[in-house]
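In: curious how this folds, go ahead:
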Amino acid sequence: MSNHQKVLTVDYHQVQEGKNRVYFMSQGYKLAGDLYLPKGFDSEKKYPTIMYTRVGTQVKEQTGAVYGDKLAAKGYVFLVFDPKNFGDSEGEIRNYESMHNMIPNTTDAISFLRTFKFVDREKFYGLGACAGAPYICNVAIGDARIKAVATLVGNFDAAASLFGAYPKELLDKMLQTAAEAKQKYYETGEYETASMFGGMPLPPPDSASKAMKDAYGYYFLRAGQDKYANYTPNYPTVGLPVDPARVFVNQAKYFTTPFLVIAGSEAFTHDMDKEVYEMAAGEKQWVVIEGASHMDLYDIDKFLDPALDNVDEFFKKY
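Out: The predicted model follows:
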């Protein structure tokens, strides 16, 4: 056992039903996670287990906590973590969303999670929402430890989302700001932050995209910084509010892992979800939650509960 594993080993007898704080190492950084365990949890039994990759820019206390509670109630072990740079995890450029961090962080989280004796390695699943969908799929395409994957309102093409969500003049300004910030950070080690809403007035005007309006409703009215101190609606200007490297549409044609794709009928991600579903090469299932917008499937019970019922039914097949 390596030194960092010795330091962070969690005694599986000490965890209990409900939420448990755990830590593991990835890329040389200590990452924090919340491990949700079923009611009546018995550390000597084995449980089906879900590795969850969270919505981009979020901390583990947002959608991860909602999903964790609901899926633990269905009998699953469930792990959500703050990736490098976010929440209670280490990392220098705070709130820097990057595909190149999330993939190794998630792979290490899977390895950590599977060290628990109560985790059933043969019933080990991946779940991702929004940006978490391409994250978990990009991991699972090359990781046979994940037996099946489910996604909710997957934002599978971040480049399309980025370049389609902002007016060109605003996007050009953000790109120039990011270019200058990268140079400054290299030369000085300093960086600045900016609003993920790119200077748009809040609440968004009628002319704003549906994605912007939905995001305002969730991050400012339901689950924003006033409720979760570790969350911020700002991003470091060395990057962009959406990492354009985070895509899965090109890889989907090679994806043979059993795959459940859940879309919202009113979600701005509906069409890209459908595209990825149609491209996927393995066993697959398509579910649409009628009336649901993108952010409705983050935390609105009347939409989320039937979606997670579908997740449960799908995972039970594998």
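
In: and Phe197, how many residues sit next to it?
Out: Using other Cβ atoms under 10 Å, the number of residues around Phe197 comes to 21. Just so you know, the C-beta spots here come from the backbone N, C-alpha and C atoms, and that holds for glycine as well.

In: for the protein, which strand is longest?
Out: In the chain, ranked by residue count with DSSP state E as the criterion, the top strand is strand 119-129.

In: what's the span of stretch 142-157, first residue to last?
Out: 19 Å (Cα to Cα, to the nearest Å).

In: what are the buried residues along it?
Out: Of all the residues in stretch 142-157, those buried under the rule 16 or more other Cβ atoms under 10 Å are 143, 146-157.

In: next one: stretch 66-74
Out: Val66, Tyr67, Gly68, Lys70, Leu71, Ala72, Lys74.

In: ok, back up a step: for the longest strand of the chain, packing partners?
Out: Other elements packing on strand 119-129 under the criterion 3 or more Cβ pairs under 8 Å, 6 or more residues apart in numbering; DSSP states H and E are strand 47-53, helix 63-72, helix 132-140, strand 148-152, helix 301-315.

In: contacts for the longest one, please.
Out: Read that as helix 301-315. Applying Cβ atoms under 8 Å, 6 or more residues apart in numbering, the contact partners of helix 301-315 are 48, 50, 66-67, 70-71, 74, 123, 125, 127, 148, 150, 152, 258, 260, 262, 264, 285, 287, 289, 291-292, 296-298.

In: for stretch 124-137, the averaged confidence score.
Out: Stretch 124-137 shows an average pLDDT of 98 in the prediction.

In: chain center to that stretch, what's the gap?
Out: On the basis of Cα atoms, centre = their mean, to the nearest Å, stretch 124-137 sits 6 Å off its chain's mean C-alpha point.

In: okay, how far is it across that stretch, tip to tip?
Out: 14 Å.

In: ok, the residue lying closest to Met196 once chain neighbours are set aside - contacts?
Out: Once flanking residues are discounted, Met196 sits nearest to Pro241: 4.2 Å by Cβ to Cβ, 6 or more residues apart in numbering. By Cβ under 8 Å, 6+ apart, Pro241 lies in contact with Thr57, Glu97, Leu162, Met174, Met196, Gly198, Tyr235.

In: which of those are buried, as a PyMOL select command?
Out: The buried residues among the contacts of Pro241 can be selected in PyMOL (16+ other Cβ under 10 Å) with this line:
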select buried, resi 57+97+162+174+196+198+235
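
In: just the contacts of Pro241: which are in strands?
Out: Using DSSP E, the subset of the contacts of Pro241 located in strands is Tyr235.

In: make sure I have this right: the residue nearest to Met196 is in a strand.
Out: No: Pro241: not assigned to a strand; according to DSSP: H, G, I helix; E, B strand; the rest coil it is coil.

In: follow-up on the earlier one: and which of the contacts of Pro241 is nearest to Phe268?
Out: Closest approach to Phe268 among the contacts of Pro241 (Cβ to Cβ): Leu162, at 12.6 Å.

In: quick one: pLDDT of the closest one?
Out: At Leu162, pLDDT is 84.

In: test my guess that it contacts Pro244.
Out: Yes: using Cβ atoms under 8 Å, Leu162 is in contact with Pro244, at 5.4 Å.

In: now the strands for this structure?
Out: Secondary structure of the chain (DSSP E): strands at 18-26, 29-37, 47-53, 77-81, 119-129, 148-152, 193-195, 234-236, 259-264, 284-289.
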